[in-house]
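In: next input, structure requested:
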Amino acid sequence: MVTMMGQVIRYLSMQELGNRWTHTIMMIPKQPLVETGIYSYIRHPTWVGMTLEFAAVPLIHGAYLTAIVFSIANALLMSQRITAEEKALIKETNYAVVFANTPRFLPALKMRRKKSNSPSIR
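Out: Prediction:
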């Protein structure tokens, strides 16, 4: 189930990016940031999907140690990759402004407050 969730999240990311999806860090001049679809909930859906897959696939066969070791290795590599991606995006686009309120990995539950006509008690 977790593996499938990871694949779906990665697929949604690739679908949203379209022909901009690549393995390398590449900036296409004068292209606006993708902030729709899954990117409106999290900044790095591809990496979330891969993390879920790296953690879950070994568990299918009961390989707990492999899941732990590869998840840690993946986290170390991914942190470097995400830092490089974000530096490139910040340098070339308005990424910092657009994604200021978008979480990196876990979607935030956006709850609306009810407007009340009664005065608040302090």
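In: which residues does the most centrally placed residue in the chain contact?
Out: Nearest to the mean C-alpha position of the chain, by Cα atoms, centre = their mean, lies His44 at 2.1 Å. Counting by Cβ atoms under 8 Å, 6 or more residues apart in numbering, His44 touches 82, 85, 104-105. In short, each C-beta sits where N, CA and C put it, glycine included.
In: of those, select the buried ones using a PyMOL command.
Out: Buried members of the contacts of His44, defined by 16 or more other Cβ atoms under 10 Å, are picked up in PyMOL with:
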select buried, resi 85
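In: just the contacts of His44: which are in strands?
Out: Among the contacts of His44, the subset assigned to strands under DSSP state E is empty.
In: between the contacts of His44, which is closest to Leu33?
Out: Of all the contacts of His44, Glu85 has the smallest distance to Leu33: 12.1 Å, by Cβ to Cβ.
In: now the nearest residue to that closest one once chain neighbours are set aside: which helix or strand?
Out: Counting by Cβ to Cβ, 6 or more residues apart in numbering, Ile25 is the residue found nearest to Glu85 once chain neighbours are left out, at 5.5 Å. Per DSSP states H and E: Ile25 is located in neither a helix nor a strand.
In: quick revisit: determine which two of the contacts of His44 are furthest apart.
Out: The distance between the two most remote of the contacts of His44 (Cβ to Cβ) is 13.4 Å, for Glu85 and Phe105.
In: export the contacts of His44 to JSON lines and tack on distance to Val8?
Out: Formatted as JSON lines, the contacts of His44 follow (distance: Cβ to Cβ, whole Å):
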{"residue": "Ile82", "distance to Val8": "21"}
{"residue": "Glu85", "distance to Val8": "22"}
{"residue": "Arg104", "distance to Val8": "19"}
{"residue": "Phe105", "distance to Val8": "16"}
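In: closest to Asn19 among the contacts of His44?
Out: Using Cβ to Cβ, Glu85 comes nearest to Asn19 of these, at 17.7 Å.
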